[in-house]
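**Q** Model the structure of this input:
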Amino acid sequence: MSKIIIIDDEKNIREGIKKSLEYEGYEVLAFDDGNKAIERVYKGEIDLVITDLKMPEKSGEEVLADILDFDNKLPVIVLTGHGNVERAVEMMRLGAYDFLTKPFNLDKMSLIIARALESRRIKIENEVFEKRFDYSKTFYGMIGRSKKMIKVYDFIKQVSRTNATVLIEGESGTGKELIASAIHQNSNRVNAPFITVNCAALSEGVLESELFGHEKGSFTGAFDKKIGRFESANKGTIFLDEIGEINQSVQVKLLRVLEERVIERVESSTPIEVDIRVIAATNKKLADEIKIGNFREDLYYRLNVIKIELPPLRDRKEDIPVLIDFFVHEFRVMHSINIESVDKQVYKILSSLPWNGNVRELRNIIETMIVMSKDTVLKVADIPDSIMSKSSDSFEVEDIISLQELESRYIHYVLAKNNFNKAQTAKALGIERATLYRKIEG
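**A** Residues are numbered from 1 along each chain as shown. Below is the predicted model:
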């Protein structure tokens, strides 16, 4: 029940508002003096204040100033006569939530109060989420404090101090571009360009032009000279994503760039020197691509000066709850949706999944859950059916775990198999329903 303070030296108005709001279910404290009301505010557990603007002992402006100094999330609604509307507007500029002119409509007042209380609740919840998630645990946009991620962070810090070419291997959705960006931002090239090229997104002819540029008239439609990505990245870093997708002819030219730091535009024989750091990434094992003739071995060795292997999400499951909290905070703010908390069963289920799409897939699922949720708590029912089916497909244990964790995983597996019907699950497990509830809560 929300607790509201009313301050007005006119008894009829004060008592009238009090009765109206009590009828709506609010707990109301009425004061005819601003000083007494502020003393009560200082004791805490007040959700909203309604104050008259003109009062003999303490004005509405003074009440507002005291409240904002004490708790700037506590909404204040100002009551004023028609002759003081400008002062009330000024109070809104100073921090009041809204104002009402006397005589006012009780329905309108009720609507403003509801909105103000909702605004206060969202502000408080945002603070709770921010406290739950320690943003100092992010590393240039990467989230997780598992041993494997700490190792990656340490590797980045060490490699960034050099100009060595870096090859990043990892599955799609693991955050390879974040790694490349972090290396650039930690290097002495941080004030120079960071240029990204998605090699898989460009056709053979377009890719060569994009990388090296072309001269005017070099092909149909080449009406002007084009500066390529390597020239644009001069003095900085170029990130070649999905390097395993480039064809043999481009591989030959790329090899020359890495060996000589020289490029030539399409249809030009004039060499152009470039001072760049090259970072490449792939979701393929290039050593395997060499064996089947898709990738040049000499280029591989030029790229593989320093290799970073980014672990898939299934190999660092201890980071999943932290990622969930981060994405919940991100999307509840982005979409202005009031999500107060996440049911702990959601953490358990999502942490048990293989996440073949890695962090990108998890992020998309959390956004879907938040947008489609009909409650202030993210629940198991909010997990899409396509994801739940993965939860119930199999029961696997990858590593040595405690008996307690083994039991917990198996219970959730049986729950999913029984569409989260607890009565059926208890029967299938051969235990009492109360025992099942205790084990789930534990």
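**Q** Excluding chain neighbours, give the residue nearest to Tyr300 in space.
**A** Leu286 (5.1 Å; C-beta to C-beta, 6 or more residues apart in numbering). The C-beta positions use only the backbone N, C-alpha and C, and glycine is treated the same way.
**Q** Outline the domain layout of the chain.
**A** As assigned by automatic domain parsing, the chain contains the domains 3-132, 138-311, 315-441.
**Q** Redo these as CSV? Include mean pLDDT and mean neighbour count.
**A** CSV is the format used below for these (pLDDT from 0 to 100; neighbours: other C-beta atoms under 10 Å):
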stretch, mean pLDDT, mean neighbour count
domain 3-132, 88, 17
domain 138-311, 90, 17
domain 315-441, 82, 16
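**Q** List the contacts of stretch 42-54.
**A** Identification of contacts with stretch 42-54 by C-beta atoms under 8 Å, 6 or more residues apart in numbering yields 2-10, 13, 17, 29, 34, 37, 40-41, 59-61, 63-64, 67, 70, 74-81, 84, 87-88, 91, 99, 113, 116-117, 120.
**Q** for stretch 58-65, same thing?
**A** Outside stretch 58-65, the residues touching it (C-beta under 8 Å, 6+ apart) are 7, 33-35, 37-38, 49, 51-54, 76, 78-80, 87, 91, 94-96.
**Q** same thing but at 6 Å, please
**A** With contacts defined as C-beta atoms under 6 Å, 6 or more residues apart in numbering, stretch 58-65 is touched by Gly34, Asn35, Thr51, Asp52, Leu53, Val76, Val78, Met91, Ala96.
**Q** from those residues, which is closest to Ala434?
**A** Ala434 lies nearest to Val76 out of the contacts of stretch 58-65, by C-beta to C-beta, at 48.3 Å.
**Q** show me what contacts that closest one?
**A** For Val76, the contact set (C-beta under 6 Å, 6+ apart) comprises Val49, Leu64, Ile67, Ala96, Tyr97.
**Q** Which residue ranges of the stretch 251-400 of the chain form helices?
**A** 286-291, 297-303, 320-334, 344-351, 358-372, 385-393 (DSSP state H, counting those that start in this stretch).
**Q** closest one to Asp224 among those?
**A** helix 297-303 (30.7 Å).
**Q** In helices, which of the contacts of stretch 42-54 appear?
**A** Of these, the ones assigned to helices by DSSP state H are 13, 17, 34, 37, 40-41, 60-61, 63-64, 67, 70, 87-88, 91, 113, 116-117, 120.
**Q** which stretches of the stretch 51-200 of the chain form strands?
**A** Ranges of strands within the stretch 51-200 of the chain are 76-80, 98-101, 138-139, 142-143, 166-169, 194-198, based on DSSP state E, counting those that start in this stretch.
**Q** what's the closest of those strands to Leu362?
**A** strand 142-143 (10.3 Å).
**Q** And the contacts of the closest one?
**A** Contacts for strand 142-143 (C-beta under 6 Å, 6+ apart): Gly175, Leu178, Leu323, Phe326.
**Q** I'd like the helices of the stretch 251-400 of the chain as JSON lines, with distance to Ile227 appended.
**A** Below are those laid out as JSON lines (distance: least, C-beta to C-beta, whole Å):
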{"stretch": "helix 286-291", "distance to Ile227": "29"}
{"stretch": "helix 297-303", "distance to Ile227": "24"}
{"stretch": "helix 320-334", "distance to Ile227": "36"}
{"stretch": "helix 344-351", "distance to Ile227": "45"}
{"stretch": "helix 358-372", "distance to Ile227": "31"}
{"stretch": "helix 385-393", "distance to Ile227": "44"}
